[in-house]
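Novice: heads up, no residue letters with this:
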């Protein structure tokens, strides 16, 4: 019987080539989209799932309530980890990392072997406790995990870095230098396997914390937070109860005494704003988007958004199948009537139609799988991932078969019940309502298709405009024609000589030496007070950057009051330039000449600069204090307008004179600024791509429906034409119903799209407004696309000769 059903199904597919192609093609596009997004979601949800004790490992999170809003972060004081281990028996292991580029060694460095004079720029450095290796049970290639970071000035590297610097060798015991600092060599204590791509930890160089102190007394200081802290709780421990108990003990025993000892004002009020949380290890990647973290993470909201888009595309494809199946019902009516007359049961007819549906689904799955495989390289490029189809996974084939059967049954259930319900007497008398009538369900489904497509189109326009706003709005500094020379820290004091030589080049306008840049770079958070108010006012959180006297002109930062630093003014070493946000937060009415302090330095304000964006536009501009200081590892060079290639060639030649054993490494500031928003740009690109797919699938169904409607109304059109109807009139007759459906879709999609995108924009402190032209643009675009889709069939029907249709009448 099954072979009989399959023969009939293949016969019907071959007879209706266009409709079959649209059914299979639409299904295949939807399935390919689902497969690609499924691979992405599987990848994102698999982060940190491979660690043996991962279910018991948590990252400690701190929260601080200020003005009704909670800010969360991952930084903790150095002694916090030891306190957790000492005071709470529930804690089995505790470990710290410190990847902040503010401190020497962390972030990025120039590295070399002891026996090789050539430096190589490397990123991915962090300080780490020995216990981190034990907690995560990292597999070792060389060395003993139990003591790889146990000695001072040791480091652990990954396999790929071992292969790069010590090919074919066991590096354990070998020496490496950071930034040409031969006085402080680092010994390789071990080599670990490369981190899995689905680990939120991706550090290729781990420097030991054993014997390390960032400054004298730092390891016992409770008022400076620089460390990420992980805890492994003993099996059976309730994490919520643990953190509740830990919060009270840590505050009462450590934080409050430290704050009172530091003469901080309103210490009791401040600690009442403090909260502690445990973040499960597997939540780190997707649930850290709303907190301060050292590295960019994923966002669970976008993951589920793409899941929803994939489902919508698949639903749109299923709607095409359902619409075309019911619309073509009249073509199958006599078949159903005759088969019932000769004894076919309704159950067998349902089985027949479900078999056809499953056959369409299987064909679509095969084609969709091929499309997904072909599109995967492009999809990887769009998402910045390295996804692969797991051909060897045991579950892939069963999942493929079950999904094809399920989708086939789901899409074919209603059409099979509907078609099998025809009554033989009514069919054979010719009284069956034709598929073009009673089209309420089809109209509703078409409205759903285009509502979804318009919402996606609105989202695409809003994301594009927000990106353009970010990249082209006034940001408060000049990012054009600024070249940043990285790795200049190896030059030590000679970096200032390099700066003077750069200023002599004809193509150079300004130059500055500082590791603090108005893009993602070194950051140094400090508490600030108006001098004399330390014991009265609560502190104002802000950034303190060390710069030189040419920093402000190099970056084109505007001064709104006072003056810039001057090398001829010795007192400027005890002075600062602050931004407008600092003025506002400290309540300074006449800031120039006022004195401010961070608790240990007292600085005189000599200038006020206009606020500029130095973090993502998702964040509010925070207070900033610039002060004179040395030790920058980046030389920023402002070029004159002209031949940038020639300027780079001159700079490169000069660099070679100063650092013959270190290749020049430079980036343009505007390019680095754009990279800050690469994740948003990728999201917009993926969103746009799937919006286009949704529209294509919806239009395929619309095209087929238009063709069917023209076919069903063929005689009506011919009679109207004989009676004098014009081609434009007939065209409007055919498209009028579809246009009504598009307008209804637009009315539904506008408020839905506005609500969704307004929610998305709330993540940005600085954002666009969603104006009426967004909806006009989306509406006109979808209307034009829909008209282009149905025009061919409608015009073809309107200009056809009536003789062909009426010759049999």
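Specialist: Received the coordinates, thanks. On a predicted model such as this, the values are computed, not experimentally measured, just so you know.

Novice: rest of the way, CA atoms for contacts and neighbours
Specialist: Fine.

Novice: got the phi/psi numbers for the closest residue to residue 64 other than its chain neighbours?
Specialist: In space, residue 64 comes closest to residue 274 once its chain neighbours are excluded; the distance is 4.7 Å by C-alpha to C-alpha, 6 or more residues apart in numbering. In terms of degrees, to the nearest 10, the main-chain angles of residue 274 are phi -90, psi 140.

Novice: Show the contacting residues for residue 274.
Specialist: Contacts for residue 274 (C-alpha atoms under 8 Å, 6 or more residues apart in numbering) come out as 62-65.

Novice: Out of those, which end up buried?
Specialist: 62-64 (16 or more other C-alpha atoms under 10 Å).

Novice: Kindly reformat the residues you listed as JSON lines containing pLDDT, secondary structure and distance to residue 641.
Specialist: JSON lines is the format used below for the buried ones among the contacts of residue 274 (pLDDT from 0 to 100; DSSP: H, G, I helix; E, B strand; the rest coil; distance: C-alpha to C-alpha, whole Å):
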{"residue": "62", "pLDDT": "93", "secondary structure": "strand", "distance to residue 641": "47"}
{"residue": "63", "pLDDT": "90", "secondary structure": "strand", "distance to residue 641": "47"}
{"residue": "64", "pLDDT": "85", "secondary structure": "strand", "distance to residue 641": "46"}
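
Novice: closest to residue 127 among the residues you listed?
Specialist: Nearest to residue 127 among these: residue 62, at 20.3 Å, using C-alpha to C-alpha.

Novice: for the closest one, which residues make a bridge with it?
Specialist: On the basis of DSSP bridges, residue 62 is bridged to residue 73, residue 276.

Novice: quick one: it and residue 72 touch, right?
Specialist: Yes: between residue 62 and residue 72 a contact is recorded at 5.6 Å, counting by C-alpha atoms under 8 Å.

Novice: Show the pLDDT at the residue positioned nearest the centre of the chain.
Specialist: The chain has residue 679 as the residue nearest its centroid, 4.3 Å off, counting by C-alpha atoms, centre = their mean. Residue 679 is assigned 75 on the pLDDT scale.

Novice: Which strands and helices lie in contact with the host helix or strand of it?
Specialist: Applying DSSP states H and E as the criterion places residue 679 in helix 678-712. In terms of contacts (3 or more C-alpha pairs under 8 Å, 6 or more residues apart in numbering; DSSP states H and E), helix 678-712 is packed against helix 17-45, helix 300-327, helix 346-383, helix 440-472, helix 772-799.

Novice: Ok, which of those helices comes nearest residue 692?
Specialist: With distances scored as C-alpha to C-alpha, the stretch of the helices and strands packed on helix 678-712 nearest to residue 692 is helix 440-472 (8.1 Å).

Novice: Give me the average confidence score over the closest one.
Specialist: In the prediction, helix 440-472 has an average pLDDT of 83.

Novice: Can you name every helix or strand that that helix contacts?
Specialist: Short answer (3+ C-alpha pairs under 8 Å, 6+ apart): helix 440-472 packs on helix 300-327, helix 678-712, helix 727-761, helix 772-799.

Novice: And the first one, what's buried?
Specialist: Just to be clear, that refers to helix 300-327. 300, 303, 306-307, 309-327.

Novice: Between helix 440-472 and it, find me the angle.
Specialist: Relative orientation of helix 300-327 versus helix 440-472 (axes from the mean of the first three to the mean of the last three C-alpha atoms, to 10 degrees): 150 degrees.

Novice: Run the chain-centre distance for stretch 40-54.
Specialist: Computed by C-alpha atoms, centre = their mean, to the nearest Å, the separation of stretch 40-54 from the middle of its chain amounts to 17 Å.

Novice: And it, end to end?
Specialist: Start-to-end span of stretch 40-54 (C-alpha to C-alpha, to the nearest Å) is 22 Å.

Novice: ok, now stretch 85-99?
Specialist: With C-alpha to C-alpha as the measure, stretch 85-99 spans 22 Å from end to end.

Novice: Show me what that stretch is in contact with.
Specialist: 81-82, 84, 106-107, 125-132, 135, 226-234, 237, 242, 246, 294.

Novice: These in helices, which ones?
Specialist: Using DSSP state H, the subset of the contacts of stretch 85-99 located in helices is 81-82, 84, 130-132, 135, 242, 246.

Novice: wait, isn't residue 289 in contact with residue 301?
Specialist: No: counting by C-alpha under 8 Å, residue 301 is not a contact partner of residue 289; they are 9.3 Å apart.

Novice: Output the ones in helices among the contacts of stretch 85-99 as CSV; include the columns distance to residue 656.
Specialist: Output for the ones in helices among the contacts of stretch 85-99, formatted as CSV (distance: C-alpha to C-alpha, whole Å):
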residue, distance to residue 656
81, 45
82, 47
84, 50
130, 39
131, 42
132, 40
135, 44
242, 57
246, 55
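
Novice: can you pick the most crowded of these?
Specialist: Of all the ones in helices among the contacts of stretch 85-99, the highest neighbour tally under other C-alpha atoms under 10 Å goes to residue 130, namely 24 neighbours.

Novice: And the nearest residue to that residue once chain neighbours are set aside, its phi and psi?
Specialist: Closest residue to residue 130 apart from its sequence neighbours, by C-alpha to C-alpha, 6+ apart: residue 149 at 4.9 Å. Main-chain torsions, residue 149, degrees, to the nearest 10: phi -120, psi 20.
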